[in-house]
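Student: model the structure of this input:
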Amino acid sequence: MSIVRGAATYGRGAGAYARVGVESAVMSASPHQLIVMLFDGAQGAIRAARIHMQAGNTLEKGKSISKALDIVNNGLMAALDLEKGGEIAERLGSLYDYIGRLLLAANLHNDQESLDQAESLLDDIASAWREIGSAGAQG
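Tutor: Residues are numbered from 1 along each chain as shown. This next block holds a predicted model:
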């Protein structure tokens, strides 16, 4: 087996192992932990987008921002329960919508400031969400 084929095989194996790890974490996570995972994924995608934006890699920047948008719109936004959550859920929905618009602006205009603002807002919400989980676990 050549070194190149060995490296490719290792890469596929490592990727499969990572997917199984993520799938296992998702299957065993509480609803609260799933939301934390969504925040982590969105924040990671935004960090990757920033790196690609700074490197001038438009294609990968777009993919990373699309991933963050997908998580915000189809993960975080979709998880809101407007009936039970009332005004808080409505306000979070508006905030997620605004974050989505910031991400679109960042992608369209290579706007680092919009990307930073979207990340900052997500960080604030994620921090509050983690505190809620810590308080629930202690109490």
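Student: for Gln117, give me its contacts.
Tutor: In this structure, Gln117 makes contact with Leu102, judged by Cβ atoms under 8 Å, 6 or more residues apart in numbering. (Glycine included, C-beta is placed from N, CA and C.)
Student: name the element it belongs to?
Tutor: Here Gln117, judged by DSSP states H and E, is contained in helix 112-138.
Student: for that helix, buried residues please.
Tutor: Across helix 112-138, burial judged by 16 or more other Cβ atoms under 10 Å covers Ser114, Leu115, Gln117, Ala118, Glu119, Leu122, Ile125, Ala126, Trp129.
Student: quick one, what contacts the first one?
Tutor: In this case it means Ser114. Ser114 makes contacts with Leu102, Leu103, Ala105, Ala106, as judged by Cβ under 8 Å, 6+ apart.
Student: might one say that the first one is in contact with Ala118?
Tutor: Yes. Between Leu102 and Ala118 a contact is recorded at 4.0 Å, counting by Cβ atoms under 8 Å.
Student: how many residues are close by the closest residue to Ile71 other than its chain neighbours?
Tutor: Closest residue in space to Ile71, ignoring its immediate chain neighbours: Ala42 at 4.2 Å, by Cβ to Cβ, 6 or more residues apart in numbering. A count of nearby residues for Ala42, using other Cβ atoms under 10 Å, gives 26.
Student: gap between Ala42 and Leu76?
Tutor: Using Cβ to Cβ, to the nearest Å, we find Ala42 at a distance of 7 Å from Leu76.
Student: now swap in Ile65 and tell me
Tutor: According to Cβ to Cβ, Ile65 stands 15 Å off from Leu76.
Student: low-confidence regions, this structure specifically.
Tutor: Applying pLDDT under 70 to the chain flags residues 1-28, 136-139.
Student: if we go to 80?
Tutor: For the chain, applying pLDDT under 80 flags the ranges 1-29, 133-139.
Student: tell me where it has helices.
Tutor: For the chain, the helices defined by DSSP state H occupy 3-28, 31-55, 58-71, 77-79, 82-109, 112-138.
Student: what does His80 show for phi and psi?
Tutor: Quick fix: residue 80 is Leu, not His. Torsion angles at Leu80 (phi, psi; degrees, to the nearest 10) stand at phi -70, psi 140.
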